[in-house]
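Participant: Have a look at this prediction, sequence included:
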Amino acid sequence: MDKLLITGGQPLAGDIRISGAKNAALPIMAATLLASGRSTIGNVPHLRDVTTMMELLGHVGADLVLDESLRIQIDASNVVGIVAPYDLVKTMRASIVVLGPLLARFGRAIVSLPGGCAIGSRPVNLHLQGLAAMGAEIHVENGYIHATAPRLRGADLMLDLVTVTGTENLMMAATLADGVTTIRNAAREPEVVDLADFLNAMGARVEGAGTDTIHIEGVPELHGAEYRILPDRIETGTYLVAVAMTGGEVRLKDTDPDLLGAVLAKLTEAGAQIETGSDWIRVCMTRGRPHPVDIHTSPYPGFPTDMQAQFTALNCIAEGSATITEAVFENRFMHVSELERMGARVKLEGNTAITSGVARLTGAPLMATDLRASASLVLAALVADGESTIDRIYHIDRGYETIEEKLSQLGARIRRVSH
Ligand code: EPZ
């Protein structure tokens with residue numbers, strides 16, 4: 001298993017390129033199942049989760065080719081399979097987004113229940129309720145979702161909770177349904193908008209993505225399309241927080257500042273200087289320790305839960321106390337106990353963490369538990385005195401393309417060791 005060795009204390013400086021968004025690439029790759037034809041998708045990040053999705057699409061019969069400019073060509077013409085097996089789904093919960101496309105195109109889908117993960121039970125009841133409202137017959141047995149619908153019909157859907165992949169699954173299913181579907185209380189994340197834009201490039205009729213009400217008029221069939229994935233706002237935010245913690249000056253390219261307004265506001269509050277252009281962000285932190293910032297996670301455009309762990313790490317070295325409330329997932333403070341082993345002072349009360357910033361953290365042997373918690377441990381190790389080792393970094397590889405190369409480019413003392 002690989003480990004990361006990090007020696008802290010080095011300010012970051014230089015330029016890095018931001019990769020395409022994982023959470024847009026996954027549903028967009030699944031959406032190619034809706035058409036009998038070839039799609040070409042650019043700016044796909046090279047991540048474990050993307051590899052898993054490629055395996056899953058291959059498993060149901062899609063032909064996948066990485067072309068010379070690293071775009072993924074997916075031809076779903078010969079897809080005949082309708083099963084997403086447990087051994088693939090268990091490694092990546094987001095596999096659930098093949099349910100809507102398989103059901104809409106083939107009238108049947110058998111998808112392993114994703115099960116929970118470190119950050120919560122992660123139910124998919126809203127996905128299933130929505131598909132049932134569109135006429136699907138759904139039952140769960142032996143840990144698999146069995147869905148059947150000779151022809152889905154448009155429906156007026158009100159989601160009890162804002163769910164990103166729930167919105168995505170239902171939006172994709174609705175593109176081939178009979179009639180018009182309205183999704184109310186829809187997720188407004190930029191990745192939902194990116195998926196809607198790809199679906200429309202395939203010939204779908206999706207309107208209102210990015211608002212809380214999305215209208216989809218079903219069409220008889222879709223065709224393949226060319227598309228380029230939007231930048232990863234969470235990767236962007238993670239590197240911005242790294243600089244706010246270590247000090248220094250970094251420019252992030254191929255990103256989009258409009259995707260992370262809430263995060264930029266909190267970074268400014270923490271004392272970082274932020275400068276932006278259409279596809280770049282420059283962050284400069286010369287003031288030593290950051291100011292503490294209170295965080296309350298909520299669906300987009302609120303503060304993203306996927307940035308909570310990173311800001312918890314920042315608050316651990318800030319000059320003062322802060323309150324962090326995780327209002328989206330029920331168990332997303334797994335990083336706190338690891339940060340405490342580095343000398344952080346955090347009090348957990350239910351879904352709230354109260355941090356009292358300390359001047360110095362000390363390096364320690366650390367264990368990654370989930371994707372964004374792992375990122376917060378990397379950030380803490382970059383500022384800690386001495387060396388840290390981070391084990392089980394397959395969690396990090398799921399969501400951060402070549403993290404040690406990008407950080408080394410910025411002057412960090414970090415390397416990967418296999419053992
Ligand atoms: C997406 O997960 C992201 N994953 C997550 O990113 C992200 O943290 C999350 O949205 C919130 O922004 C992908 O897009 C692949 P939800 P998703 O459905 O869709 C509850 C990362 O780090 N809920 O919006 O699974 C659920 O339990 C990952 O890249 C139900 O109760 O999240 C949670 O409390 C981690 N029933 C809340 O809604 C349902 O049917 C939001 O979950 C669906 C969701």
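Facilitator: Yep, it's here.
Participant: which residues of the stretch 301-419 of the chain fall in helices?
Facilitator: Listed in chain order, the helices of the stretch 301-419 of the chain (DSSP state H, counting those that start in this stretch) span residues 308-316, 334-340, 371-383, 394-397, 403-409.
Participant: Which of those helices has the lowest mean pLDDT?
Facilitator: Sorting those by mean pLDDT places helix 394-397 lowest, at a mean of 92.
Participant: Show me which residues of that helix are buried.
Facilitator: Using 16 or more other C-beta atoms under 10 Å as the test for burial, helix 394-397 gives 395, 396, 397. (Each C-beta comes from the backbone N, C-alpha and C, glycine too.)
Participant: Not counting that helix itself, show me its contacts.
Facilitator: 1-2, 4, 47-48, 368-371, 373-375, 378, 390, 403 (C-beta atoms under 8 Å, 6 or more residues apart in numbering).
Participant: any idea which helix or strand carries the residue of the chain positioned farthest from its centre?
Facilitator: In the chain, the residue that sits farthest from the middle, by C-alpha atoms, centre = their mean, is residue 150; the gap is 32.3 Å. Assigned by DSSP states H and E, residue 150 belongs to no helix or strand.
Participant: Just the pLDDT for it.
Facilitator: 91.
Participant: contacting residues around residue 379?
Facilitator: Applying C-beta under 8 Å, 6+ apart, the residues near residue 379 are 238, 241, 242, 245, 310, 313, 314.
Participant: quick one on the thing from earlier: what subset of the contacts of helix 394-397 is buried?
Facilitator: By 16+ other C-beta under 10 Å, the contacts of helix 394-397 give 4, 47-48, 368-371, 373-375, 378, 390, 403 as buried.
Participant: measure the residue farthest from the centre of the chain to the ligand for me?
Facilitator: Per C-beta to the nearest ligand atom, to the nearest Å, residue 150 is found 24 Å from the ligand.
Participant: I'd say that residue and residue 107 touch.
Facilitator: Yes - in this structure, residue 150 is within contact of residue 107 by C-beta atoms under 8 Å, at 5.1 Å.
Participant: Any chance you could list what contacts stretch 350-362?
Facilitator: Counting by C-beta under 8 Å, 6+ apart, 8, 289, 292, 312, 315-327, 330, 333, 336, 339, 342-347, 380, 383-386 sit against stretch 350-362.
Participant: Those in strands, which ones?
Facilitator: Residues of the contacts of stretch 350-362 located in strands (DSSP state E): 321, 322, 323, 324, 325, 345, 346, 347.
Participant: So what pairs up with the third one in the strands?
Facilitator: Right, residue 323. Bridge pairing for residue 323 (DSSP bridges) gives the partners residue 354.
Participant: and it, what does it touch?
Facilitator: Here residue 323 is in contact with 294, 295, 352, 353, 354 (C-beta under 8 Å, 6+ apart).
Participant: Now render the residues you listed as a markdown table, adding distance to residue 102.
Facilitator: What follows is the contacts of residue 323, written out as a markdown table (distance: C-beta to C-beta, whole Å):
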| residue | distance to residue 102 |
| --- | --- |
| 294 | 43 |
| 295 | 38 |
| 352 | 40 |
| 353 | 40 |
| 354 | 45 |
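Participant: Just the closest of those residues to the ligand, please.
Facilitator: Distance to the ligand, by C-beta to the nearest ligand atom, is smallest for residue 295 among the contacts of residue 323, at 14.3 Å.
Participant: Just give the number of residues close to the residue lying closest to the closest one once chain neighbours are set aside.
Facilitator: Ranked by C-beta to C-beta, 6 or more residues apart in numbering and with sequence neighbours excluded, the top spatial neighbour of residue 295 is residue 324, at 4.4 Å. Applying other C-beta atoms under 10 Å, we find 26 residues neighbouring residue 324.
Participant: for residue 276, same thing?
Facilitator: Neighbours of residue 276 (other C-beta under 10 Å): 15.
Participant: Okay, it and the ligand: tell me how far apart.
Facilitator: Where the ligand is concerned, residue 276 sits at a distance of 23 Å (C-beta to the nearest ligand atom).
Participant: any idea how far the closest residue to that residue other than its chain neighbours is from the ligand?
Facilitator: Once flanking residues are discounted, residue 276 sits nearest to residue 257: 3.9 Å by C-beta to C-beta, 6+ apart. Residue 257 sits 19 Å away from the ligand, going by C-beta to the nearest ligand atom.
Participant: list the contacts for residue 257?
Facilitator: Counting by C-beta under 8 Å, 6+ apart, residue 257 has contacts 264, 276, 277, 280, 281.
Participant: give me the number of residues near the residue nearest to residue 185 when sequence neighbours are not counted?
Facilitator: Leaving aside its sequence neighbours, residue 185 sits nearest to residue 159 (C-beta to C-beta, 6+ apart; 4.3 Å). Counted with other C-beta under 10 Å, the neighbours of residue 159 add up to 19.
Participant: my guess is residue 159 meets residue 165, correct?
Facilitator: No - counting by C-beta under 8 Å, residue 165 is not a contact partner of residue 159; they are 11.6 Å apart.
Participant: average pLDDT for the one helix or strand residue 73 maps to?
Facilitator: Taking DSSP H and E as the definition, one finds residue 73 inside strand 72-75. The average pLDDT within strand 72-75 is 98.
Participant: contact partners of it?
Facilitator: Contacts for strand 72-75 (C-beta under 8 Å, 6+ apart): 29, 32, 37-41, 44, 54, 57, 62-67, 224.
Participant: These in strands, which ones?
Facilitator: Those of the contacts of strand 72-75 lying in strands (DSSP E): 38, 39, 40, 41, 63, 64, 65, 66.
Participant: Buried members of those into ChimeraX, please.
Facilitator: Here is the ChimeraX command that selects the buried residues among these (16+ other C-beta under 10 Å):
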select :38,39,40,41,64
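Participant: I'd like the ones in strands among the contacts of strand 72-75 laid out as a markdown table, including distance to residue 83 and pLDDT.
Facilitator: Shown next, in a markdown table, are those (distance: C-beta to C-beta, whole Å; pLDDT from 0 to 100):
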| residue | distance to residue 83 | pLDDT |
| --- | --- | --- |
| 38 | 23 | 97 |
| 39 | 22 | 98 |
| 40 | 26 | 98 |
| 41 | 23 | 98 |
| 63 | 18 | 97 |
| 64 | 18 | 97 |
| 65 | 23 | 95 |
| 66 | 25 | 88 |
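Participant: Next, format the ones in strands among the contacts of strand 72-75 as a markdown table and append distance to residue 415.
Facilitator: Shown next, in a markdown table, are the ones in strands among the contacts of strand 72-75 (distance: C-beta to C-beta, whole Å):
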| residue | distance to residue 415 |
| --- | --- |
| 38 | 40 |
| 39 | 37 |
| 40 | 35 |
| 41 | 32 |
| 63 | 37 |
| 64 | 32 |
| 65 | 33 |
| 66 | 27 |
